[in-house]
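Undergrad: Give me coordinates for this.
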Amino acid sequence: MCLRAIAVGLCAVAWSCGPVASGAAPRAPEAAPFATALATPWLAGSPRPVPYLPALGFGASGRRSDDSTHGLLGSPPPRSVILREAAVAGAAIGVGFLLDDSIKPGSGQNTAMDHIGEVIGSPFTLGAASGLVGIDGLVAHHPRTVDTAKRLLVSIAAAMATIGALKLATDRERPDHSDRNSFPSGHSGASFATATVLDRQYGGAVGWTAYGVAAFVAASRVVGNRHFFSDVMAGAAIGRLFGRIFTHPS
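TA: Model prediction:
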């Protein structure tokens with residue numbers, strides 16, 4: 001496995017997104033009526049979404065109160081943002097490989113930590129939860145909740161597609177020798193994509209809690225002998241990459 005090739009590949013994917021990002025200038029909120037319509041009830045002080053996540057964030061209205069028309073529902077992030085995030089992901093993956101010899105997979109397979117991480121970090125669990133949040137927002141007429149659910153679903157899907165392709169390309173055997181789908185960790189990717197979106201949408205206790213859960217999932221995959229340390233670092237980096245992209249700007 002060639003780390004340099006993986007990092008170059010990530011940058012190539014990011015660069016290929018450039019023409020889309022560097023096209024027309026971002027539209028003002030007036031030019032994006034759909035996105036503005038979604039954002040306006042929230043900004044006008046409508047009842048909080050059923051999950052009440054903004055109440056735990058920075059301020060009464062949550063962290064992202066003035067940029068709901070960007071990212072998934074509006075203009076895509078510029079090429080510089082994508083390349084910067086891809087570079088951060090590549091560096092994190094490199095650190096993971098450097099520490100593989102120091103942080104060995106544990107012997108905690110089939111322990112409580114292993115089983116809990118397996119369930120709560122599953123892409124299917126997180127995807128289903130995001131879908132339920134979106135349905136809840138639709139039923140309760142809370143556009144902000146629907147917006148968050150969309151960002152979660154797209155971020156998780158993009159992360160899992162990238163991770164799936166890398167699993168096929170690298171063919172790395174798991175430390176428990178169960179199969180050759182070790183690199184990168186899908187559980188870590190889905191967990192950190194979810195945590196990044198929640199942190200950037202709401203911040204505060206929501207963000208810290210989400211990252212704490214994601215870190216637990218990543219640790220459980222190493223302790224449970226399911227992944228090498230570089231596997232979970234790569235998954236976390238890819239998840240963060242797409243979570244950042246789909247919650248642009250800043």
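Undergrad: just for the chain, where's the confidence low?
TA: 1-75, 249-250 (pLDDT under 70).
Undergrad: could you pull out the helices for it?
TA: Remark: helices assigned in the chain by DSSP state H are 3-16, 18-21, 33-43, 79-98, 112-120, 123-140, 143-170, 186-202, 204-223, 229-245.
Undergrad: Now tabulate the ones you listed in a markdown table and tack on distance to Pro105 and mean neighbour count.
TA: For the C-beta atoms, the positions are set from N, CA and C on the backbone; glycine is no exception. Shown next, in a markdown table, are those (distance: least, Cβ to Cβ, whole Å; neighbours: other Cβ atoms under 10 Å):
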| stretch | distance to Pro105 | mean neighbour count |
| --- | --- | --- |
| helix 3-16 | 19 | 15 |
| helix 18-21 | 38 | 14 |
| helix 33-43 | 44 | 16 |
| helix 79-98 | 13 | 18 |
| helix 112-120 | 11 | 16 |
| helix 123-140 | 21 | 16 |
| helix 143-170 | 17 | 21 |
| helix 186-202 | 14 | 29 |
| helix 204-223 | 6 | 20 |
| helix 229-245 | 8 | 28 |
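Undergrad: Select, out of those helices, the one closest to Gly106.
TA: Among these, helix 204-223 comes nearest to Gly106, with 3.9 Å by Cβ to Cβ.
Undergrad: Can you tell me what sits against that closest one?
TA: 53, 56-58, 63, 103, 105-106, 108, 111, 113-114, 116-118, 120-121, 185, 187-188, 191-192, 194-195, 198-200, 227-229, 231-232, 235-236, 239 (Cβ atoms under 8 Å, 6 or more residues apart in numbering).
Undergrad: and the angle from that helix to helix 186-202?
TA: 170 degrees (axes from the mean of the first three to the mean of the last three Cα atoms, to 10 degrees).
Undergrad: by how many degrees do helix 204-223 and helix 123-140 diverge?
TA: Going by the same axes, to 10 degrees, helix 204-223 makes 160 degrees with helix 123-140.
Undergrad: Taking helix 112-120 as reference, get the angle to helix 204-223.
TA: Per the same axes, to 10 degrees, the angle that helix 204-223 makes with helix 112-120 is 120 degrees.
Undergrad: Distance to His177 for the helices of the chain - can I get that in a markdown table?
TA: Shown next, in a markdown table, are the helices of the chain (distance: least, Cβ to Cβ, whole Å):
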| stretch | distance to His177 |
| --- | --- |
| helix 3-16 | 23 |
| helix 18-21 | 41 |
| helix 33-43 | 48 |
| helix 79-98 | 20 |
| helix 112-120 | 16 |
| helix 123-140 | 23 |
| helix 143-170 | 16 |
| helix 186-202 | 18 |
| helix 204-223 | 15 |
| helix 229-245 | 14 |
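Undergrad: Quick one: closest of those helices to Asp179.
TA: That would be helix 143-170 among the helices of the chain, by Cβ to Cβ, at 9.5 Å.
Undergrad: for the closest one, packing partners?
TA: helix 3-16, helix 33-43, helix 123-140, helix 186-202, helix 229-245 (3 or more Cβ pairs under 8 Å, 6 or more residues apart in numbering; DSSP states H and E).
Undergrad: Let me know which of the helices of the chain is the nearest to Arg180.
TA: If we rank the helices of the chain by Cβ to Cβ, the stretch that ends up nearest is helix 143-170, at 8.2 Å.
Undergrad: can you state the direction angle for that closest one and helix 229-245?
TA: Using the same axes, to 10 degrees: helix 143-170 against helix 229-245 is 140 degrees.
Undergrad: Provide the angle between the direction of helix 143-170 and the direction of helix 79-98.
TA: Going by the same axes, to 10 degrees, helix 143-170 makes 50 degrees with helix 79-98.
Undergrad: thought Gly131 was touching Ile156?
TA: No. Assessed by Cβ atoms under 8 Å, Gly131 is found out of contact with Ile156, at 10.3 Å.
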